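Colleague: Need a 3D model of the following:
(one chain, ligands or ions: 2)
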Amino acid sequence: MVKNISVIGTGYLGATHAAGMAELGFDVLGVDVDPEKIEKLSRGDLPFHEPGLPELIRRHVDSGRLRFTADISEAGDWADVHFVAVGTPQLPGSNGADMTFVDAAVTDLARVISKDSLVVGKSTVPVGTARRLSRLLAEQSRQDVDVALAWNPEFLREGLAVQDTLRPDRLVVGTERPEDVDTLREVYAEALGRETPWIATDFETAELVKVAANAFLATKISFINAFSEVTETVGGDIRTLADALGHDTRIGRKFLNAGVGFGGGCLPKDIRALQSRVSELGLDHTMRFLSEMDQINLRRRERAVTLSEQMLGGDLEGRRVAVLGVTFKPLSDDVRDSPGLDVANRLYVAGAHVAVYDPEGSANAAKRFPRLDYCDTLAEAVGSADLVVLTTEWDEFKALTPADLEGLVAQRRFLDARNVLSSAQWKDAGWDFAQLGRFYEG
Ligand SMILES: NC(=O)c1ccc[n+]([C@@H]2O[C@H](COP(=O)([O-])OP(=O)(O)OC[C@H]3O[C@@H](n4cnc5c(N)ncnc54)[C@H](O)[C@@H]3O)[C@@H](O)[C@H]2O)c1
Ligand SMILES: O=c1ccn([C@@H]2O[C@H](COP(=O)(O)OP(=O)(O)O[C@H]3O[C@H](CO)[C@@H](O)[C@H](O)[C@H]3O)[C@@H](O)[C@H]2O)c(=O)[nH]1
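Modeller: Ligands and ions are numbered 1, 2, ... in the order given. From the prediction side, this is the model:
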(Lines give C-alpha, C1' and ligand atoms only; values in the text may rest on other atoms or scores of the structure.)
(Ligands and ions follow the chains in the order given, each with its own letter.)
Protein backbone atom coordinates (compact mmCIF):
# COMPACT_ATOMS: atom_id res chain seq x y z
CA MET A 1 0.00 0.00 0.00
CA VAL A 2 1.27 3.48 -0.85
CA LYS A 3 1.36 5.77 2.17
CA ASN A 4 4.53 7.85 2.00
CA ILE A 5 5.73 9.73 -1.05
CA SER A 6 8.94 11.64 -1.65
CA VAL A 7 9.42 14.23 -4.38
CA ILE A 8 13.03 14.88 -5.37
CA GLY A 9 13.41 18.44 -6.70
CA THR A 10 11.01 21.09 -5.41
CA GLY A 11 11.01 23.67 -8.20
CA TYR A 12 7.98 24.71 -10.25
CA LEU A 13 7.05 21.10 -10.96
CA GLY A 14 8.22 19.34 -7.80
CA ALA A 15 6.75 21.75 -5.23
CA THR A 16 3.40 21.59 -7.01
CA HIS A 17 3.50 17.82 -7.27
CA ALA A 18 4.44 17.46 -3.60
CA ALA A 19 1.53 19.66 -2.52
CA GLY A 20 -0.79 17.82 -4.92
CA MET A 21 0.19 14.45 -3.45
CA ALA A 22 -0.46 15.79 0.07
CA GLU A 23 -3.85 17.04 -1.10
CA LEU A 24 -4.61 13.50 -2.31
CA GLY A 25 -4.02 12.27 1.25
CA PHE A 26 -0.44 10.98 1.18
CA ASP A 27 2.32 11.89 3.61
CA VAL A 28 4.87 13.73 1.52
CA LEU A 29 8.55 14.63 1.86
CA GLY A 30 9.95 17.18 -0.60
CA VAL A 31 13.72 16.98 -1.13
CA ASP A 32 15.92 19.61 -2.78
CA VAL A 33 19.64 20.39 -2.89
CA ASP A 34 18.87 24.11 -2.52
CA PRO A 35 18.78 24.79 1.25
CA GLU A 36 17.21 28.22 0.78
CA LYS A 37 14.25 26.70 -1.09
CA ILE A 38 13.87 24.04 1.60
CA GLU A 39 13.95 26.61 4.36
CA LYS A 40 11.19 28.68 2.71
CA LEU A 41 9.01 25.69 1.85
CA SER A 42 9.38 24.31 5.39
CA ARG A 43 7.92 27.59 6.69
CA GLY A 44 5.04 27.16 4.24
CA ASP A 45 6.37 29.89 1.90
CA LEU A 46 6.63 29.41 -1.84
CA PRO A 47 9.92 30.50 -3.48
CA PHE A 48 8.08 31.37 -6.74
CA HIS A 49 4.68 32.63 -7.89
CA GLU A 50 1.97 30.10 -8.67
CA PRO A 51 -1.71 30.91 -8.04
CA GLY A 52 -3.35 28.71 -5.41
CA LEU A 53 -0.15 26.88 -4.48
CA PRO A 54 0.86 28.87 -1.37
CA GLU A 55 -2.47 28.08 0.27
CA LEU A 56 -2.12 24.38 -0.51
CA ILE A 57 1.47 24.20 0.74
CA ARG A 58 0.73 26.13 3.94
CA ARG A 59 -2.29 23.99 4.75
CA HIS A 60 -0.41 20.72 4.40
CA VAL A 61 2.79 21.96 6.08
CA ASP A 62 0.66 23.10 9.02
CA SER A 63 -1.12 19.76 9.22
CA GLY A 64 2.26 17.95 9.17
CA ARG A 65 1.38 15.97 6.07
CA LEU A 66 3.94 17.83 3.95
CA ARG A 67 7.59 18.23 5.00
CA PHE A 68 10.74 19.36 3.24
CA THR A 69 14.39 18.44 3.66
CA ALA A 70 17.77 18.87 2.00
CA ASP A 71 18.79 15.38 3.13
CA ILE A 72 17.71 12.74 0.63
CA SER A 73 18.59 9.91 3.03
CA GLU A 74 15.44 10.79 5.01
CA ALA A 75 13.46 9.50 2.03
CA GLY A 76 15.38 6.23 1.75
CA ASP A 77 13.75 4.15 4.47
CA TRP A 78 10.48 6.09 4.50
CA ALA A 79 8.90 6.57 1.07
CA ASP A 80 7.01 3.91 -0.86
CA VAL A 81 7.17 5.99 -4.05
CA HIS A 82 9.85 8.51 -5.00
CA PHE A 83 9.01 11.03 -7.74
CA VAL A 84 11.98 12.61 -9.52
CA ALA A 85 11.18 16.20 -10.58
CA VAL A 86 14.61 17.82 -10.97
CA GLY A 87 15.53 20.13 -13.85
CA THR A 88 16.63 19.13 -17.35
CA PRO A 89 17.76 22.51 -18.74
CA GLN A 90 19.36 23.11 -22.12
CA LEU A 91 23.10 22.44 -22.08
CA PRO A 92 25.11 25.62 -22.68
CA GLY A 93 26.35 25.72 -26.28
CA SER A 94 24.25 22.76 -27.40
CA ASN A 95 20.64 21.82 -28.10
CA GLY A 96 20.80 18.79 -25.81
CA ALA A 97 19.29 18.45 -22.35
CA ASP A 98 21.54 18.55 -19.30
CA MET A 99 20.93 15.20 -17.62
CA THR A 100 23.32 15.66 -14.70
CA PHE A 101 20.56 16.57 -12.22
CA VAL A 102 18.36 13.58 -13.10
CA ASP A 103 21.33 11.22 -13.06
CA ALA A 104 22.48 12.59 -9.70
CA ALA A 105 19.00 12.32 -8.18
CA VAL A 106 18.56 8.69 -9.27
CA THR A 107 22.10 7.79 -8.18
CA ASP A 108 21.47 9.42 -4.78
CA LEU A 109 18.19 7.52 -4.44
CA ALA A 110 19.86 4.22 -5.32
CA ARG A 111 22.38 4.88 -2.55
CA VAL A 112 19.80 5.65 0.18
CA ILE A 113 16.78 3.44 -0.60
CA SER A 114 16.48 0.72 2.03
CA LYS A 115 12.87 -0.46 1.56
CA ASP A 116 10.91 -1.82 -1.37
CA SER A 117 9.82 1.14 -3.45
CA LEU A 118 9.13 2.60 -6.88
CA VAL A 119 11.17 5.45 -8.37
CA VAL A 120 9.03 7.47 -10.79
CA GLY A 121 10.56 9.95 -13.22
CA LYS A 122 8.50 13.08 -13.88
CA SER A 123 11.15 15.31 -15.44
CA THR A 124 11.07 15.80 -19.22
CA VAL A 125 13.85 13.68 -20.67
CA PRO A 126 15.28 12.45 -24.00
CA VAL A 127 13.82 9.13 -25.13
CA GLY A 128 15.97 6.26 -23.86
CA THR A 129 16.63 7.86 -20.47
CA ALA A 130 14.23 5.67 -18.47
CA ARG A 131 15.72 2.44 -19.82
CA ARG A 132 19.22 3.69 -18.96
CA LEU A 133 18.18 4.82 -15.48
CA SER A 134 16.35 1.55 -14.80
CA ARG A 135 19.66 -0.28 -15.37
CA LEU A 136 21.53 2.25 -13.24
CA LEU A 137 19.05 1.81 -10.41
CA ALA A 138 19.30 -1.99 -10.62
CA GLU A 139 23.10 -1.85 -10.56
CA GLN A 140 23.51 0.70 -7.80
CA SER A 141 20.72 -0.05 -5.32
CA ARG A 142 20.89 -2.62 -2.53
CA GLN A 143 20.28 -6.16 -3.70
CA ASP A 144 18.00 -7.00 -0.73
CA VAL A 145 15.38 -4.38 -1.64
CA ASP A 146 12.94 -4.41 -4.55
CA VAL A 147 13.37 -1.11 -6.41
CA ALA A 148 12.03 -0.42 -9.88
CA LEU A 149 11.71 2.58 -12.17
CA ALA A 150 8.63 4.00 -13.90
CA TRP A 151 8.19 7.09 -16.07
CA ASN A 152 5.21 9.39 -15.55
CA PRO A 153 5.68 12.60 -17.58
CA GLU A 154 4.05 15.78 -16.35
CA PHE A 155 1.89 18.07 -18.50
CA LEU A 156 1.06 20.88 -16.05
CA ARG A 157 1.12 24.49 -17.22
CA GLU A 158 2.65 27.19 -15.06
CA GLY A 159 0.00 29.58 -13.80
CA LEU A 160 -2.51 26.70 -13.82
CA ALA A 161 -0.27 24.17 -12.11
CA VAL A 162 -2.53 23.32 -9.18
CA GLN A 163 -5.61 22.53 -11.25
CA ASP A 164 -3.51 20.65 -13.83
CA THR A 165 -1.97 18.53 -11.05
CA LEU A 166 -5.24 17.73 -9.32
CA ARG A 167 -7.31 17.43 -12.50
CA PRO A 168 -4.99 16.37 -15.31
CA ASP A 169 -6.23 15.93 -18.91
CA ARG A 170 -4.64 12.47 -18.93
CA LEU A 171 -2.15 10.34 -17.04
CA VAL A 172 0.65 8.53 -18.83
CA VAL A 173 2.82 5.92 -17.15
CA GLY A 174 5.65 3.95 -18.67
CA THR A 175 6.71 0.81 -16.80
CA GLU A 176 8.57 -2.46 -17.20
CA ARG A 177 6.42 -4.51 -14.78
CA PRO A 178 2.62 -4.81 -14.39
CA GLU A 179 2.84 -4.40 -10.60
CA ASP A 180 4.31 -0.91 -11.07
CA VAL A 181 1.21 0.09 -13.06
CA ASP A 182 -0.88 -1.05 -10.09
CA THR A 183 1.21 1.08 -7.70
CA LEU A 184 0.69 4.15 -9.86
CA ARG A 185 -3.03 3.43 -10.22
CA GLU A 186 -3.16 3.53 -6.42
CA VAL A 187 -1.35 6.90 -6.33
CA TYR A 188 -3.71 8.40 -8.91
CA ALA A 189 -6.87 6.60 -7.73
CA GLU A 190 -8.78 9.84 -7.22
CA ALA A 191 -8.22 11.10 -10.78
CA LEU A 192 -8.97 7.65 -12.16
CA GLY A 193 -12.25 7.69 -10.25
CA ARG A 194 -13.14 10.72 -12.37
CA GLU A 195 -12.40 8.70 -15.49
CA THR A 196 -9.25 10.61 -16.35
CA PRO A 197 -7.75 8.93 -19.43
CA TRP A 198 -5.07 6.49 -18.27
CA ILE A 199 -2.34 5.44 -20.66
CA ALA A 200 -0.15 2.62 -19.34
CA THR A 201 2.64 1.96 -21.78
CA ASP A 202 6.36 1.31 -22.17
CA PHE A 203 9.18 3.69 -21.24
CA GLU A 204 9.83 5.00 -24.73
CA THR A 205 6.21 5.86 -25.49
CA ALA A 206 5.80 7.61 -22.14
CA GLU A 207 8.92 9.72 -22.72
CA LEU A 208 7.90 10.51 -26.29
CA VAL A 209 4.31 11.52 -25.44
CA LYS A 210 5.72 14.36 -23.38
CA VAL A 211 8.11 15.79 -25.95
CA ALA A 212 5.63 15.19 -28.78
CA ALA A 213 2.98 17.21 -26.92
CA ASN A 214 5.35 20.14 -26.44
CA ALA A 215 6.60 19.90 -30.02
CA PHE A 216 3.01 20.00 -31.25
CA LEU A 217 2.13 23.01 -29.10
CA ALA A 218 5.27 24.87 -30.23
CA THR A 219 4.44 24.04 -33.84
CA LYS A 220 0.91 25.36 -33.49
CA ILE A 221 2.18 28.68 -32.14
CA SER A 222 4.88 28.99 -34.79
CA PHE A 223 2.38 28.03 -37.49
CA ILE A 224 0.16 31.02 -36.74
CA ASN A 225 3.21 33.24 -36.27
CA ALA A 226 4.47 32.26 -39.72
CA PHE A 227 1.15 33.59 -41.05
CA SER A 228 1.81 36.75 -39.03
CA GLU A 229 4.81 37.36 -41.24
CA VAL A 230 2.50 37.17 -44.25
CA THR A 231 -0.25 39.42 -42.87
CA GLU A 232 2.34 41.95 -41.71
CA THR A 233 3.44 42.18 -45.35
CA VAL A 234 0.21 42.02 -47.37
CA GLY A 235 -2.43 42.99 -44.80
CA GLY A 236 -5.12 40.84 -43.24
CA ASP A 237 -6.12 40.26 -39.65
CA ILE A 238 -4.18 37.50 -37.90
CA ARG A 239 -6.70 37.25 -35.06
CA THR A 240 -9.63 36.74 -37.42
CA LEU A 241 -7.58 34.21 -39.34
CA ALA A 242 -6.89 32.27 -36.12
CA ASP A 243 -10.58 32.45 -35.08
CA ALA A 244 -11.71 31.16 -38.46
CA LEU A 245 -9.17 28.34 -38.39
CA GLY A 246 -10.12 27.48 -34.83
CA HIS A 247 -13.76 26.88 -35.71
CA ASP A 248 -12.61 23.79 -37.53
CA THR A 249 -12.87 21.34 -34.67
CA ARG A 250 -10.04 19.29 -36.18
CA ILE A 251 -7.75 22.29 -35.66
CA GLY A 252 -9.16 24.08 -32.58
CA ARG A 253 -8.54 27.69 -31.49
CA LYS A 254 -6.19 27.00 -28.56
CA PHE A 255 -2.48 27.83 -29.04
CA LEU A 256 -3.17 29.89 -32.14
CA ASN A 257 -2.55 33.23 -30.43
CA ALA A 258 -0.11 35.11 -32.62
CA GLY A 259 2.35 37.43 -30.92
CA VAL A 260 5.90 37.57 -29.71
CA GLY A 261 6.01 33.79 -29.46
CA PHE A 262 6.68 31.05 -26.97
CA GLY A 263 9.21 31.01 -24.19
CA GLY A 264 9.58 29.51 -20.73
CA GLY A 265 11.47 26.64 -19.16
CA CYS A 266 9.79 24.01 -21.37
CA LEU A 267 8.74 24.56 -24.99
CA PRO A 268 12.00 26.10 -26.32
CA LYS A 269 14.40 23.71 -24.61
CA ASP A 270 12.20 20.68 -25.23
CA ILE A 271 12.00 21.14 -29.01
CA ARG A 272 15.76 21.63 -29.08
CA ALA A 273 16.44 18.56 -26.93
CA LEU A 274 14.18 16.48 -29.17
CA GLN A 275 16.15 17.49 -32.25
CA SER A 276 19.39 16.74 -30.46
CA ARG A 277 18.17 13.31 -29.36
CA VAL A 278 16.92 12.23 -32.79
CA SER A 279 20.26 13.35 -34.25
CA GLU A 280 22.02 11.06 -31.81
CA LEU A 281 19.75 8.29 -33.05
CA GLY A 282 20.83 8.96 -36.65
CA LEU A 283 17.45 10.52 -37.52
CA ASP A 284 18.69 14.05 -38.06
CA HIS A 285 16.13 14.83 -40.80
CA THR A 286 13.05 13.63 -38.84
CA MET A 287 12.60 16.63 -36.60
CA ARG A 288 14.28 19.22 -38.82
CA PHE A 289 10.97 21.10 -39.06
CA LEU A 290 11.34 21.91 -35.35
CA SER A 291 14.43 23.94 -36.10
CA GLU A 292 12.26 25.98 -38.49
CA MET A 293 9.61 26.39 -35.74
CA ASP A 294 12.34 27.62 -33.41
CA GLN A 295 13.55 30.13 -36.00
CA ILE A 296 10.03 31.43 -36.71
CA ASN A 297 9.58 31.85 -32.97
CA LEU A 298 12.84 33.74 -32.44
CA ARG A 299 12.13 35.97 -35.47
CA ARG A 300 9.04 37.29 -33.61
CA ARG A 301 11.29 38.79 -30.93
CA GLU A 302 13.44 40.40 -33.59
CA ARG A 303 10.32 41.74 -35.29
CA ALA A 304 9.15 43.34 -32.02
CA VAL A 305 12.47 45.17 -31.83
CA THR A 306 12.62 46.28 -35.48
CA LEU A 307 8.99 47.42 -35.38
CA SER A 308 9.74 49.42 -32.20
CA GLU A 309 12.64 51.02 -34.02
CA GLN A 310 10.49 51.76 -37.07
CA MET A 311 7.80 53.33 -34.89
CA LEU A 312 10.44 55.54 -33.32
CA GLY A 313 11.63 56.81 -36.70
CA GLY A 314 14.48 54.33 -37.18
CA ASP A 315 16.61 54.97 -34.12
CA LEU A 316 16.30 53.62 -30.58
CA GLU A 317 19.29 55.49 -29.20
CA GLY A 318 18.26 57.52 -26.16
CA ARG A 319 14.53 56.84 -26.64
CA ARG A 320 12.41 55.89 -23.63
CA VAL A 321 10.60 52.58 -24.07
CA ALA A 322 8.25 51.08 -21.47
CA VAL A 323 8.07 47.29 -21.61
CA LEU A 324 4.95 45.78 -20.03
CA GLY A 325 5.58 42.16 -19.05
CA VAL A 326 8.83 40.24 -18.68
CA THR A 327 7.53 36.84 -17.55
CA PHE A 328 7.18 34.26 -20.33
CA LYS A 329 3.43 34.15 -19.70
CA PRO A 330 0.91 35.70 -17.27
CA LEU A 331 0.24 34.30 -13.78
CA SER A 332 3.88 33.28 -13.34
CA ASP A 333 7.12 34.90 -12.15
CA ASP A 334 9.15 32.66 -14.47
CA VAL A 335 11.44 34.58 -16.85
CA ARG A 336 13.26 31.56 -18.32
CA ASP A 337 13.68 32.17 -22.06
CA SER A 338 11.05 34.90 -21.82
CA PRO A 339 10.23 36.66 -25.10
CA GLY A 340 9.32 39.88 -23.25
CA LEU A 341 12.55 40.00 -21.29
CA ASP A 342 14.55 39.21 -24.41
CA VAL A 343 12.85 42.07 -26.27
CA ALA A 344 13.46 44.44 -23.34
CA ASN A 345 17.13 43.56 -23.29
CA ARG A 346 17.51 43.90 -27.07
CA LEU A 347 15.91 47.36 -26.93
CA TYR A 348 18.38 48.28 -24.19
CA VAL A 349 21.34 46.94 -26.17
CA ALA A 350 20.16 49.02 -29.15
CA GLY A 351 20.47 52.16 -27.00
CA ALA A 352 16.97 52.71 -25.61
CA HIS A 353 16.25 53.55 -21.99
CA VAL A 354 14.04 50.62 -21.00
CA ALA A 355 11.59 50.90 -18.11
CA VAL A 356 10.00 47.58 -17.18
CA TYR A 357 6.84 46.80 -15.31
CA ASP A 358 5.67 43.27 -14.52
CA PRO A 359 3.26 42.30 -11.72
CA GLU A 360 5.41 39.33 -10.61
CA GLY A 361 8.53 38.95 -12.73
CA SER A 362 10.77 41.93 -11.97
CA ALA A 363 12.87 40.32 -9.23
CA ASN A 364 13.76 37.32 -11.39
CA ALA A 365 14.30 39.51 -14.45
CA ALA A 366 16.62 41.84 -12.53
CA LYS A 367 18.86 38.88 -11.66
CA ARG A 368 19.37 38.27 -15.40
CA PHE A 369 19.39 41.81 -16.75
CA PRO A 370 20.14 44.17 -13.85
CA ARG A 371 20.59 47.23 -16.04
CA LEU A 372 16.98 47.60 -17.11
CA ASP A 373 14.96 50.12 -15.12
CA TYR A 374 12.49 48.03 -13.08
CA CYS A 375 9.45 49.99 -11.89
CA ASP A 376 7.03 49.25 -9.09
CA THR A 377 3.99 50.51 -10.95
CA LEU A 378 2.73 50.64 -14.48
CA ALA A 379 2.35 54.42 -14.21
CA GLU A 380 6.02 54.77 -13.28
CA ALA A 381 7.13 52.60 -16.20
CA VAL A 382 5.12 54.42 -18.86
CA GLY A 383 5.98 57.86 -17.44
CA SER A 384 7.57 59.97 -20.22
CA ALA A 385 7.71 56.97 -22.56
CA ASP A 386 8.19 57.53 -26.29
CA LEU A 387 6.82 54.03 -26.89
CA VAL A 388 4.95 51.45 -24.79
CA VAL A 389 5.42 47.78 -25.73
CA LEU A 390 3.07 45.11 -24.33
CA THR A 391 4.96 41.80 -24.25
CA THR A 392 3.07 39.62 -21.73
CA GLU A 393 -0.73 39.51 -21.66
CA TRP A 394 -1.37 40.01 -17.93
CA ASP A 395 -5.04 40.87 -17.27
CA GLU A 396 -4.19 44.38 -16.13
CA PHE A 397 -2.46 45.05 -19.47
CA LYS A 398 -5.32 43.51 -21.45
CA ALA A 399 -7.68 45.93 -19.69
CA LEU A 400 -5.63 49.03 -20.59
CA THR A 401 -7.38 51.84 -22.42
CA PRO A 402 -5.85 54.95 -24.01
CA ALA A 403 -7.33 57.01 -21.16
CA ASP A 404 -5.24 55.07 -18.62
CA LEU A 405 -2.01 56.26 -20.19
CA GLU A 406 -3.15 59.76 -21.12
CA GLY A 407 -1.00 62.43 -19.46
CA LEU A 408 1.67 59.89 -18.49
CA VAL A 409 3.46 59.08 -21.73
CA ALA A 410 5.58 61.56 -23.67
CA GLN A 411 4.34 60.24 -27.02
CA ARG A 412 1.17 58.31 -27.87
CA ARG A 413 2.86 55.26 -29.36
CA PHE A 414 1.93 51.66 -28.53
CA LEU A 415 3.12 48.28 -29.78
CA ASP A 416 0.86 45.40 -28.75
CA ALA A 417 3.20 42.45 -29.22
CA ARG A 418 0.61 39.95 -27.92
CA ASN A 419 -2.35 41.01 -30.04
CA VAL A 420 -4.71 41.50 -27.14
CA LEU A 421 -5.92 45.09 -27.49
CA SER A 422 -8.44 46.68 -29.85
CA SER A 423 -6.50 48.50 -32.54
CA ALA A 424 -9.54 50.63 -33.46
CA GLN A 425 -9.89 51.90 -29.89
CA TRP A 426 -6.29 53.10 -29.74
CA LYS A 427 -6.15 54.52 -33.23
CA ASP A 428 -9.43 56.39 -32.69
CA ALA A 429 -7.88 57.97 -29.58
CA GLY A 430 -5.05 59.29 -31.73
CA TRP A 431 -2.37 56.74 -30.92
CA ASP A 432 0.29 55.47 -33.28
CA PHE A 433 -0.65 51.84 -32.66
CA ALA A 434 0.90 48.64 -34.04
CA GLN A 435 0.40 44.94 -33.45
CA LEU A 436 2.53 41.96 -34.35
CA GLY A 437 0.77 40.13 -37.17
CA ARG A 438 -0.73 43.27 -38.69
CA PHE A 439 0.45 45.51 -41.49
CA TYR A 440 1.89 48.72 -40.00
CA GLU A 441 1.17 51.80 -42.07
CA GLY A 442 3.77 53.88 -40.22
N1 LIG B 1 7.84 23.96 -14.93
C2 LIG B 1 6.87 23.29 -15.52
O3 LIG B 1 5.79 23.82 -15.76
C4 LIG B 1 7.07 21.85 -15.94
C5 LIG B 1 5.96 21.11 -16.38
C6 LIG B 1 6.16 19.80 -16.80
C7 LIG B 1 7.42 19.24 -16.80
N8 LIG B 1 8.48 20.00 -16.37
C9 LIG B 1 9.80 19.36 -16.33
O10 LIG B 1 10.08 19.12 -14.96
C11 LIG B 1 11.47 19.24 -14.69
C12 LIG B 1 11.68 20.29 -13.59
O13 LIG B 1 11.29 21.53 -14.09
P14 LIG B 1 11.08 22.80 -13.14
O15 LIG B 1 10.50 23.86 -13.99
O16 LIG B 1 10.38 22.39 -11.90
O17 LIG B 1 12.61 23.15 -12.78
P18 LIG B 1 13.17 23.99 -11.54
O19 LIG B 1 14.51 24.44 -11.94
O20 LIG B 1 12.14 24.98 -11.10
O21 LIG B 1 13.28 22.91 -10.37
C22 LIG B 1 14.24 21.91 -10.33
C23 LIG B 1 14.64 21.70 -8.87
O24 LIG B 1 15.46 20.54 -8.76
C25 LIG B 1 16.44 20.79 -7.75
N26 LIG B 1 17.53 19.81 -7.90
C27 LIG B 1 18.53 19.76 -8.81
N28 LIG B 1 19.30 18.69 -8.61
C29 LIG B 1 18.78 18.02 -7.55
C30 LIG B 1 19.12 16.82 -6.86
N31 LIG B 1 20.15 16.06 -7.27
N32 LIG B 1 18.38 16.45 -5.81
C33 LIG B 1 17.34 17.20 -5.39
N34 LIG B 1 16.96 18.34 -6.01
C35 LIG B 1 17.66 18.75 -7.08
C36 LIG B 1 16.82 22.23 -8.00
O37 LIG B 1 17.47 22.80 -6.88
C38 LIG B 1 15.46 22.86 -8.31
O39 LIG B 1 14.83 23.33 -7.13
C40 LIG B 1 12.10 19.58 -16.03
O41 LIG B 1 12.50 18.37 -16.65
C42 LIG B 1 10.97 20.20 -16.81
O43 LIG B 1 11.15 20.11 -18.21
C44 LIG B 1 8.33 21.27 -15.92
O1 LIG C 1 -1.42 30.61 -28.44
C2 LIG C 1 -0.41 30.72 -27.75
C3 LIG C 1 -0.20 29.96 -26.57
C4 LIG C 1 0.98 30.12 -25.86
N5 LIG C 1 1.93 30.99 -26.28
C6 LIG C 1 3.19 31.12 -25.54
O7 LIG C 1 3.76 29.83 -25.38
C8 LIG C 1 4.53 29.76 -24.19
C9 LIG C 1 4.20 28.52 -23.40
O10 LIG C 1 2.88 28.61 -22.89
P11 LIG C 1 2.23 27.40 -22.07
O12 LIG C 1 2.35 26.17 -22.88
O13 LIG C 1 0.90 27.81 -21.62
O14 LIG C 1 3.20 27.39 -20.82
P15 LIG C 1 4.05 26.31 -20.02
O16 LIG C 1 3.69 26.52 -18.60
O17 LIG C 1 5.46 26.43 -20.46
O18 LIG C 1 3.49 24.86 -20.42
C19 LIG C 1 4.03 24.08 -21.47
O20 LIG C 1 5.20 23.39 -21.04
C21 LIG C 1 5.00 22.55 -19.87
C22 LIG C 1 6.35 21.97 -19.49
O23 LIG C 1 6.73 20.93 -20.34
C24 LIG C 1 3.97 21.47 -20.21
O25 LIG C 1 3.79 20.64 -19.08
C26 LIG C 1 2.66 22.14 -20.63
O27 LIG C 1 1.73 21.13 -21.00
C28 LIG C 1 2.96 23.05 -21.84
O29 LIG C 1 1.76 23.75 -22.21
C30 LIG C 1 4.27 31.08 -23.44
O31 LIG C 1 5.38 31.93 -23.66
C32 LIG C 1 3.03 31.64 -24.11
O33 LIG C 1 2.99 33.04 -24.09
C34 LIG C 1 1.73 31.76 -27.43
O35 LIG C 1 2.58 32.55 -27.82
N36 LIG C 1 0.55 31.60 -28.14
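
Colleague: Just checking, which helix or strand of this structure averages the lowest pLDDT?
Modeller: Every helix and strand in the chain was compared by mean pLDDT, DSSP states H and E; the lowest is helix 189-193, with a mean of 93.

Colleague: What are the buried residues along it?
Modeller: residue 191 (16 or more other Cβ atoms under 10 Å). C-betas here are computed from N, CA, C, even on glycine.

Colleague: Which residues does whichever helix or strand comes after it contact?
Modeller: Using DSSP states H and E, the helix or strand that follows helix 189-193 in sequence is strand 198-201. Applying Cβ atoms under 8 Å, 6 or more residues apart in numbering, the external contacts of strand 198-201 come out as 170-175, 181, 184-185, 188, 192, 206, 209.

Colleague: Repeat the analysis, applying 6 Å as the threshold.
Modeller: 171, 172, 173, 174, 181, 192 (Cβ atoms under 6 Å, 6 or more residues apart in numbering).

Colleague: what does stretch 419-437 give?
Modeller: 228, 231, 238-239, 258-259, 307, 393, 398, 402, 412-417, 440.

Colleague: which of those residues are close to ligand 1?
Modeller: Filtering the contacts of stretch 419-437 for proximity to ligand 1 by Cβ under 6 Å from any ligand atom leaves nothing.

Colleague: Which of those fall in helices?
Modeller: Judged by DSSP state H, the contacts of stretch 419-437 include 228, 231, 238, 239, 307, 398, 402 as members of helices.

Colleague: between these, which has the most around it?
Modeller: Most neighbours among these, by other Cβ atoms under 10 Å: residue 228, with 26 neighbours.

Colleague: What are the boundaries of the strands in this structure?
Modeller: 4-8, 27-31, 66-69, 81-84, 117-121, 147-151, 171-174, 198-201, 320-324, 353-357, 373-374, 387-390, 413-416, 432-435 (DSSP state E).

Colleague: Let's have these in CSV, adding mean neighbour count, distance to residue 335 and mean pLDDT.
Modeller: Below are those laid out as CSV (neighbours: other Cβ atoms under 10 Å; distance: least, Cβ to Cβ, whole Å; pLDDT from 0 to 100):
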stretch, mean neighbour count, distance to residue 335, mean pLDDT
strand 4-8, 27, 24, 98
strand 27-31, 25, 23, 98
strand 66-69, 22, 24, 98
strand 81-84, 26, 25, 98
strand 117-121, 26, 26, 98
strand 147-151, 25, 29, 98
strand 171-174, 23, 29, 98
strand 198-201, 15, 33, 98
strand 320-324, 28, 12, 98
strand 353-357, 24, 11, 98
strand 373-374, 18, 12, 98
strand 387-390, 28, 16, 98
strand 413-416, 26, 20, 98
strand 432-435, 24, 23, 98
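
Colleague: Can I get those strands in JSON lines including distance to ligand 2?
Modeller: JSON lines is the format used below for the strands of the chain (distance: least, Cβ to the nearest ligand atom, whole Å):
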{"stretch": "strand 4-8", "distance to ligand 2": "16"}
{"stretch": "strand 27-31", "distance to ligand 2": "19"}
{"stretch": "strand 66-69", "distance to ligand 2": "22"}
{"stretch": "strand 81-84", "distance to ligand 2": "15"}
{"stretch": "strand 117-121", "distance to ligand 2": "14"}
{"stretch": "strand 147-151", "distance to ligand 2": "14"}
{"stretch": "strand 171-174", "distance to ligand 2": "12"}
{"stretch": "strand 198-201", "distance to ligand 2": "15"}
{"stretch": "strand 320-324", "distance to ligand 2": "14"}
{"stretch": "strand 353-357", "distance to ligand 2": "17"}
{"stretch": "strand 373-374", "distance to ligand 2": "20"}
{"stretch": "strand 387-390", "distance to ligand 2": "12"}
{"stretch": "strand 413-416", "distance to ligand 2": "13"}
{"stretch": "strand 432-435", "distance to ligand 2": "14"}
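
Colleague: how many other residues sit next to residue 48?
Modeller: 17.

Colleague: Up against ligand 2, what does the stretch 301-442 of the chain have?
Modeller: Checking the stretch 301-442 of the chain against ligand 2 by Cβ under 6 Å from any ligand atom, the hits are 328, 329.

Colleague: How about the stretch 151-300 of the chain?
Modeller: Counting by Cβ under 6 Å from any ligand atom, the residues of the stretch 151-300 of the chain near ligand 2 are 154-158, 214, 217, 221, 255-257, 259, 261-264, 266-267, 270.
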